[in-house]
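1. turn this into a structure:
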Amino acid sequence: MQQIDMNSDEFQAQLEKTSAFVKKVNKQFGWVQNPNEEVNEGVTMGLARNKLIYGKQFCPCFMVIGETKEEQKAADNRICPCKPAIEKEIPEDGLCHCGIFCTPEYAASQDEHDTIEEVVHTHSKGLSKEQAEVLLKEEQLDGDELEALIEAKKLGMIHFTLVDTREFMEFQMGHIVGTDTLVPTSQFYNKVEEELAGKKDEAIIVYCHSGSRSFQVQHAMKGLGFQHVSNLRPGIIGFSGETQKG
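-> Alright, predicted model coming up:
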């Protein structure tokens with residue numbers, strides 16, 4: 001798998017082209033970008049990375065299936081802006097799966113929602129040991145639930161391994177504080193046994209940008225015999241807890 005240097009002139013040039021592409025798509029369809037700039041930045045960088053590696057702007061929120069261009073075409077990988085987003089996701093939900101393209105109405109309502117959340121989000125996350133143990137058995141977790149579990153882990157009530165399944169440059173841009181290891185989706189089968197050796201009977205939580213890649217990884221891990229794998233369904237974009245760069 002080709003490694004991309006996000007600081008290289010090649011990547012920065014492609015990133016500029018991709019940003020222009022996103023603006024062009026928005027203008028063509030009457031969409032707007034997500035009011036969350038971290039979403040826009042992460043998806044744009046993922047599109048630029050895929051363009052350099054595969055020659056196509058494959059959706060960064062899904063695994064790219066196929067080794068050759070012919071196999072990738074036959075697998076019907078999502079190419080941005082993808083058909084499901086145009087025909088179903090944006091008309092029905094107000095935004096595409098990755099969240100970079102939104103209707104103006106969705107963006108306005110989300111901006112208002114975020115402002116309210118910033119004002120009222122003052123509640124405690126405290127869980128009992130029993131509550132934390134029960135929650136850790138859930139297959140799909142939201143951002144607040146993961147934040148509560150991380151707090152419980154810090155207090156020594158439970159143990160789990162938190163795994164980022166995004167790519168290295170995404171991890172560098174920002175990851176959840178408390179992440180134990182990185183298993184990039186593009187290198188999953190090469191890395192999973194190496195990074196998670198001896199943990200098939202232990203609790204593991206996986207996450208990515210929006211929950212799609214980690215959902216696929218979750219099921220792939222189950223196929224490899226991992227018994228307790230939970231997924232952060234909204235991904236890091238739905239996590240309001242502490243994150244860090246580098």
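
2. tell me which element residue 152 is part of?
-> helix 143-154 (DSSP states H and E).

3. downstream of that helix, the next helix or strand is which one?
-> Past helix 143-154, the next helix or strand by DSSP H and E is strand 161-164.

4. quick one: mean pLDDT over that following strand.
-> If you average the pLDDT over strand 161-164, you get 98.

5. that older thread, show me what the helix holding residue 152 is packed against.
-> helix 129-135, strand 203-207 (3 or more C-beta pairs under 8 Å, 6 or more residues apart in numbering; DSSP states H and E). The way it works is simple: take the backbone N, C-alpha and C, and place the C-beta from them, glycine included.

6. make CSV out of the ones you listed and add mean neighbour count, mean pLDDT and distance to residue 241.
-> Listed next are the helices and strands packed on helix 143-154 as CSV, based on neighbours: other C-beta atoms under 10 Å; pLDDT from 0 to 100; distance: least, C-beta to C-beta, whole Å:
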stretch, mean neighbour count, mean pLDDT, distance to residue 241
helix 129-135, 14, 87, 15
strand 203-207, 25, 98, 11
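
7. okay, those in a markdown table with distance to residue 56 next?
-> A markdown table is the format used below for those (distance: least, C-beta to C-beta, whole Å):
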| stretch | distance to residue 56 |
| --- | --- |
| helix 129-135 | 40 |
| strand 203-207 | 25 |
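
8. out of those, nearest to residue 109?
-> strand 203-207 (25.2 Å; C-beta to C-beta).

9. just checking, what packs against that closest one?
-> Looks like strand 203-207 contacts helix 143-154, strand 161-164, helix 212-223, strand 228-232 (3+ C-beta pairs under 8 Å, 6+ apart).
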